[in-house]
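Student: I need the structure of the sequence given here:
(chains A and B)
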Protein chains: 2
Amino acid sequence: MGIEVNTKLKIAKPVNEVFEAIVDPEKMANYWFSSGSARLEQDKTITLRYEEYDAQVELTVLEIQEDKKIAFKWGAPGDEHVVTITLSEVDDTTTIIEVNEKGWNENDDELISNLLGNKEGWVYMLTCLKGYLENGSTNLRAAIVF
Amino acid sequence: MGIEVNTKLKIAKPVNEVFEAIVDPEKMANYWFSSGSARLEQDKTITLRYEEYDAQVELTVLEIQEDKKIAFKWGAPGDEHVVTITLSEVDDTTTIIEVNEKGWNENDDELISNLLGNKEGWVYMLTCLKGYLENGSTNLRAAIVF
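Tutor: Residues are numbered from 1 along each chain as shown, chains lettered A, B, ... in the order given. The predicted structure follows:
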């Protein structure tokens, strides 16, 4: 139950390349946060930093299944959200990646604005990931103007 | 008043290149709809077709200011939305593009889902536009999975 934000994109790369681009902070820096304190592994708490916006977030990894699933929680205590990233292998060269985020406070006056901001983040992250993996583009990230 | 969906992205290209990529359907086909029936010009009604999703939309151009503004309406009669695309020249090589869509029916049970779908569309379109203009990438579009 409850509101969930789902975003799903097809990437023309093998599933393991997509998985590694998410769990390896050096790869992540090419399309999303500028740095991460460690590789995403089960039960670890990681700090992701976004240099360009002078912002950082902490996430705690809840579950990792290689090439299949990465789940973590993030957000302020008492207002934590769970993010589940699911990878589906279409064939040897094509992967569908889906991001689901839940934990929304539906009584928050800022609910719609929070949902839209979050949707923006995931669509942008996934499209930058596609550009990085398929084309080697590292110049797409950090261009959203707030 | 009323809900508006705003999305803003920085593109490292001169403002005229960004403007032309929007009004010229042959350029648009590289990052958004697969074809358009004509160049976007004041008061014209244009059909945009999305081959991959077997979908099409009609839009009527309300206002064009070269290198500055493109406004149009689209949507079903009685439920029309107004889209305003504003270009701001940061310097000779950098443009900020902002998309604003309004006309939301706030009593619609599907309001949140409509807003999120729309937000997804604009963030995706703008990121694909950036990839096309900055990197020549034409493979980013048409990868959202519904």
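Student: for the rest of this, base every contact and every neighbour count on C-alpha atoms.
Tutor: Noted.
Student: who in chain A is up against chain B?
Tutor: A:7-11, A:112, A:115-116, A:119-120, A:123-124, A:127-128, A:130-131, A:135, A:137, A:140, A:143-146 (CA under 8 Å from any CA of the partner chain).
Student: surely A:Trp104 is in a strand?
Tutor: No: counting by DSSP: H, G, I helix; E, B strand; the rest coil, A:Trp104 is located in no strand; its state is coil.
Student: tell me the pLDDT at it?
Tutor: On pLDDT, A:Trp104 comes in at 95.
Student: could you do A:Ala76 as well?
Tutor: pLDDT for A:Ala76: 88.
Student: how many residues are close by A:Pro77?
Tutor: A:Pro77: 7 surrounding residues under other CA atoms under 10 Å in any protein chain shown.
Student: measure it to A:Thr84 for me?
Tutor: 19 Å (CA to CA, to the nearest Å).
Student: what about chain A, any weak spots by pLDDT?
Tutor: A:1 (pLDDT under 70).
Student: strands along that one, start to end?
Tutor: In chain A, the strands defined using DSSP state E lie at A:4-11, A:35-36, A:45-50, A:55-65, A:69-74, A:81-91, A:94-102.
Student: dump these to CSV, plus distance to B:Glu41.
Tutor: What follows is those, written out as CSV (distance: least, CA to CA, whole Å):
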stretch, distance to B:Glu41
strand A:4-11, 33
strand A:35-36, 44
strand A:45-50, 40
strand A:55-65, 42
strand A:69-74, 46
strand A:81-91, 41
strand A:94-102, 38
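Student: switch the ones you listed over to TSV; also include mean neighbour count.
Tutor: Shown next, in TSV, are the strands of chain A (neighbours: other CA atoms under 10 Å in any protein chain shown):
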stretch	mean neighbour count
strand A:4-11	20
strand A:35-36	20
strand A:45-50	18
strand A:55-65	16
strand A:69-74	20
strand A:81-91	18
strand A:94-102	20
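Student: A:Val5 contacts A:Gly121, correct?
Tutor: No: when contacts are counted by CA atoms under 8 Å, A:Val5 is not listed as touching A:Gly121 (11.0 Å).
Student: shared neighbours of these two, anything?
Tutor: Shared contacts of A:Val5 and A:Gly121 (CA atoms under 8 Å, 6 or more residues apart in numbering or on different chains): none.
Student: now the closest residue to A:Ile70 other than its chain neighbours: how far from B:Lys13?
Tutor: Nearest residue to A:Ile70 in three dimensions, chain neighbours excluded: A:Ile64, at 4.7 Å (CA to CA, 6 or more residues apart in numbering or on different chains). Noted for A:Ile64: a distance of 40 Å to B:Lys13, by CA to CA.
Student: can you check A:Thr138 too?
Tutor: Taking CA to CA, one finds A:Thr138 at 16 Å from B:Lys13.
Student: could you do A:Val23 as well?
Tutor: Taking CA to CA, one finds A:Val23 at 32 Å from B:Lys13.
Student: before we move on, what about A:His81?
Tutor: According to CA to CA, A:His81 stands 37 Å off from B:Lys13.
Student: what of A:Leu87?
Tutor: Here the criterion is CA to CA. By it, A:Leu87 lies 34 Å from B:Lys13.
Student: if we can go back for a sec, between A:Thr138 and B:Lys13, which is the more surrounded one?
Tutor: Neighbours of A:Thr138 and B:Lys13, each counted by other CA under 10 Å, are more numerous for B:Lys13; the result is 19 against 16.
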